[in-house]
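J.: Prediction below, plus the sequence it came from.
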Amino acid sequence: MRLTVIGTGYLGAVHAACMADIGHDVLGVDTDTRKIEALAAGRAPFFEPGLPEILARNIRNGRLRFTTSLAEAADFADLHFVCVGTPQRADSLAADLCHVEAVVDGLAPLLTRDSLVVGKSTVPVGTARALSRRMAARLRPGVDSEVAWNPEFLREGFAVQDTLTPDRLVVGVTSPEADRMLRDVYAPMLRAGVPYVSTDPATAELVKVAANSFLATKISFINAMAEVCDASGADVVTLADALGHDTRIGRRFLSAGLGFGGGCLPKDIRAFLARAEELQVGEAVSFLHEIDRINQRQRRRTVDLAFQLLGGTLAGRRIAVLGATFKPDSDDVRDSPALAVTEQLVDLGADLRVHDPEGLDNARVALTGPVYCADVMEACKDADLVLHLTEWSQYRALDPVALSEVVRAPRMLDARNVLDQAAWRGAGWQLRALGRPAHVPPPGQGDALRVTIPQSVAPAACAAPAPGDPLSGAPK
Ligand code: NAD
């Protein structure tokens, strides 16, 4: 089939390359000339495992091309996927739909044949219907178009795998023809047995925001438990393991730590809150305010614990930060919890050295203040404290003995709760983590050691909205 993918960022570039890889003729479209030049030359404009290979392969075999021309897109195909951004509005919690609207406004008058426009961006429920009306008002006489929604569930770091072998496909359509076209697009996945849920556009739009709300709730739930663990001397990792054995609950997304970030979960739950208010069912999802607040609080708690570990002074103290991206295996720093913590510590006067395997270029643009280091040892040299903020596997594999030889003092705050506590403490490190006792108690004596996180330090500075805070609008 011939199809276009409009918006070639983290979602669209992968979707375009994967659609070509399963045999379609694909034209990727973006307004960002530099991105299109890179993609057309077979270079991925961001870090995503596996993307460079499928990009190169499908450009070479001629099934994948890129352009900045919407007119070329209108001429090329009758099926258009829309993958542009839907960020949080600067003045409210709601999603900014200006990019999806711009695509519809630009494309509609250029269409000369009946077409199917399929949104993949994450949008508030009701968007497809509104865009359909917007589209109809701009079409040439005699041309018809349907707007369908096919939300995307890919995870950065696994985006290629998630696109080629999704755990489900959800399509929201208003005609059997649209359903048939989408079944043809995804025929190889359907043959492989991927569940295909065909429904109305409103339900499809809601599946995505409901899924993200559920995941965010699970993460904030265990982080709330971590706060209770800190106040009571209990251990949140053992708690999560024990909860996870219950198959009704499951262990995934029950990892306590610094919380979630990125270009999706935080803004999606806020947009859901805003849309529910518009629909006058705000009360039904008002718990998401609390989920957001718990999540933001973990950033502050991490700063507090760093302050405590450094004995109450941050000014001039050297802190090494491991990780800048919002998650491992990505270069994405949008609303990164790691950068939010780094920024607060810079503001409190500490001397920050930040390492990240792939995210340094984006981090340098997002946050000035820290020194960015390409090498872990260089970042940790003479550090009074090391913060583990993004769980890249290379940090888990660090040798605590070797690292203890370059730091000024062997203090580690593992904000992702994944380092081997016994190994690090055995190598002489003072190791702390949110929701875990300061020392590992011998079996059966867990309540002998009670750990209390002190009141928040420097309330004025810490209370300032972090990048991506509900109150601060778009990430810095
Ligand atoms: P992104 O910022 O990486 O990409 C958006 C792209 O759209 C950019 O390249 C931008 O230049 C382009 N664009 C903007 N306006 C345009 C226009 N009028 N015409 C053509 N191109 C235009 O964002 P992303 O992370 O790819 O997210 C896109 C959407 O997908 C969002 O709604 C997001 O919530 C959703 N989503 C993202 C992921 C993810 O993991 N990143 C997963 C699922 C869903």
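T.: That came through fine.

J.: OK, contacts around the closest residue to residue 235 other than its chain neighbours?
T.: Using CB to CB, 6 or more residues apart in numbering and skipping the chain neighbours, the partner closest in space to residue 235 is residue 436 (5.4 Å). Bear in mind the C-beta positions are built from the backbone N, C-alpha and C, glycine included. Shown here is residue 436, whose contacts under the criterion CB atoms under 8 Å, 6 or more residues apart in numbering are 229, 235-237, 417, 421.

J.: Specify which member of those residues is nearest to residue 60.
T.: Nearest to residue 60 among these is residue 417, at 43.4 Å by CB to CB.

J.: what helix or strand is the residue of the chain at minimum distance from the ligand on?
T.: For the chain, the nearest residue to the ligand under the criterion CB to the nearest ligand atom is residue 9, separated by 1.8 Å. Element membership for residue 9 (DSSP states H and E) is empty, with no helix or strand holding it.

J.: Just give me the neighbour total for the residue found closest to it once you drop the neighbours it is linked to in the chain.
T.: Distance criterion CB to CB, 6+ apart; nearest residue to residue 9, sequence neighbours excluded, is residue 85 at 6.4 Å. Close neighbours of residue 85, defined as other CB atoms under 10 Å, add up to 19.

J.: Next up, identify which helix or strand residue 85 is on.
T.: Residue 85 belongs to no helix or strand when elements are defined using DSSP H and E.

J.: Which parts of the protein are strands?
T.: 2-6, 25-29, 64-67, 79-82, 115-119, 145-149, 169-172, 196-199, 318-322, 351-355, 371-373, 385-388, 411-414, 430-432 (DSSP state E).

J.: just the angle between the first one and strand 115-119, please?
T.: Going back to what we said before, that points to strand 2-6. For strand 2-6 against strand 115-119, the angle between stretch directions is 40 degrees (axes from the mean of the first three to the mean of the last three CA atoms, to 10 degrees).

J.: For strand 2-6, which helices and strands make contact with it?
T.: Packing contacts for strand 2-6, counted by 3 or more CB pairs under 8 Å, 6 or more residues apart in numbering; DSSP states H and E, involve helix 12-21, strand 25-29, helix 70-76, strand 79-82.

J.: Tell me the buried residues in stretch 40-58?
T.: By neighbour count, with 16 or more other CB atoms under 10 Å as the criterion, the buried positions of stretch 40-58 are 40, 44-51, 54-56, 58.

J.: Any idea how far apart the tips of it sit?
T.: Length of stretch 40-58, first residue to last, CA to CA, to the nearest Å: 11 Å.

J.: Ok, stretch 249-261 next?
T.: Counting by CA to CA, the terminal residues of stretch 249-261 are separated by 23 Å.

J.: now do stretch 247-263
T.: End-to-end distance of stretch 247-263 (CA to CA): 30 Å.

J.: where does the stretch 151-300 of the chain come near the ligand, residue by residue?
T.: Where proximity means CB under 6 Å from any ligand atom, the interface of the stretch 151-300 of the chain facing the ligand comprises 152, 154, 156, 263-264.

J.: Just put these in CSV and tack on pLDDT.
T.: Conversion of these to CSV gives the following (pLDDT from 0 to 100):
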residue, pLDDT
152, 98
154, 97
156, 96
263, 95
264, 96
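
J.: ok, so of those residues, who is nearest residue 339?
T.: Distances from these to residue 339 were compared by CB to CB; the smallest belongs to residue 263, at 13.0 Å.

J.: Pretty sure that closest one sits against residue 86.
T.: No: distance between residue 263 and residue 86: 9.6 Å, which falls outside the contact criterion (CB atoms under 8 Å).

J.: Tell me which residues touch residue 337, please.
T.: With contact taken as CB under 8 Å, 6+ apart, residue 337 is in contact with 258-261, 298-299, 326, 389.

J.: Swap in 10 Å and give it another go.
T.: With contacts defined as CB atoms under 10 Å, 6 or more residues apart in numbering, the neighbours of residue 337 are 257-262, 266, 295-296, 298-299, 302, 323, 325-327, 389-390, 415-416, 466-468.

J.: and those, which of them are in helices?
T.: With helices taken from DSSP state H, the overlap with the contacts of residue 337 comprises 266, 295-296, 298-299, 302.

J.: Now pLDDT and neighbour count too, for those residues, in JSON lines please.
T.: Written out in JSON lines, the entries for these read as follows (pLDDT from 0 to 100; neighbours: other CB atoms under 10 Å):
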{"residue": "266", "pLDDT": "97", "neighbour count": "27"}
{"residue": "295", "pLDDT": "98", "neighbour count": "23"}
{"residue": "296", "pLDDT": "98", "neighbour count": "21"}
{"residue": "298", "pLDDT": "98", "neighbour count": "26"}
{"residue": "299", "pLDDT": "98", "neighbour count": "26"}
{"residue": "302", "pLDDT": "98", "neighbour count": "25"}
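
J.: now for these, which pair is the farthest apart?
T.: Longest span within the ones in helices among the contacts of residue 337, CB to CB: 266 and 302, 16.4 Å.

J.: Just among the contacts of residue 436, which is most surrounded?
T.: Most neighbours among the contacts of residue 436, by other CB under 10 Å: residue 236, with 27 neighbours.

J.: what about the nearest residue to that one once chain neighbours are set aside, how many residues close to it?
T.: Beyond its immediate neighbours in the sequence, the residue positioned closest to residue 236 (CB to CB, 6+ apart) is residue 435, lying 3.2 Å away. Around residue 435 there are 26 other residues, counting by other CB under 10 Å.

J.: And for residue 142?
T.: Counted with other CB under 10 Å, residues neighbouring residue 142 total 8.

J.: what about it, distance to residue 74?
T.: When CB to CB, to the nearest Å is applied, the distance between residue 142 and residue 74 equals 15 Å.

J.: Mind jotting down where the helices sit in the stretch 351-476 of the chain?
T.: 360-366, 376-380, 393-396, 400-404, 421-426, 459-463 (DSSP state H, counting those that start in this stretch).

J.: now for the ones you listed, which one comes closest to residue 192?
T.: Of all the helices of the stretch 351-476 of the chain, the one in closest proximity to residue 192, counting by CB to CB, is helix 393-396 (28.5 Å).

J.: Would you mark the buried spots in the closest one?
T.: Those would be residue 395, for helix 393-396 by 16+ other CB under 10 Å.

J.: got it, and stretch 311-328?
T.: In terms of neighbour count (16+ other CB under 10 Å), stretch 311-328 has its buried residues at 314, 317-328.

J.: touching the ligand at all, it?
T.: No: where contact is defined by CB under 6 Å from any ligand atom, no part of stretch 311-328 touches the ligand; the two come within 9.6 Å at best.

J.: same question for that stretch, mean pLDDT?
T.: Throughout stretch 311-328, pLDDT has a mean value of 96.

J.: for stretch 194-212, same thing?
T.: When the per-residue pLDDT values of stretch 194-212 are averaged, the result is 98.

J.: got the CA coordinates for stretch 226-233 in PDB?
T.: As requested, C-alpha coordinates have been extracted for stretch 226-233 and formatted as PDB (Å, rounded to 0.1, in the frame of the first residue of the first chain):
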ATOM      1  CA  ALA A 226       7.900   4.200  49.500                       C
ATOM      2  CA  GLU A 227       7.100   7.400  51.500                       C
ATOM      3  CA  VAL A 228       5.300   5.200  54.100                       C
ATOM      4  CA  CYS A 229       8.300   2.800  54.200                       C
ATOM      5  CA  ASP A 230      10.700   5.700  54.900                       C
ATOM      6  CA  ALA A 231       8.500   6.900  57.800                       C
ATOM      7  CA  SER A 232       8.200   3.400  59.200                       C
ATOM      8  CA  GLY A 233      11.500   1.700  58.500                       C
END
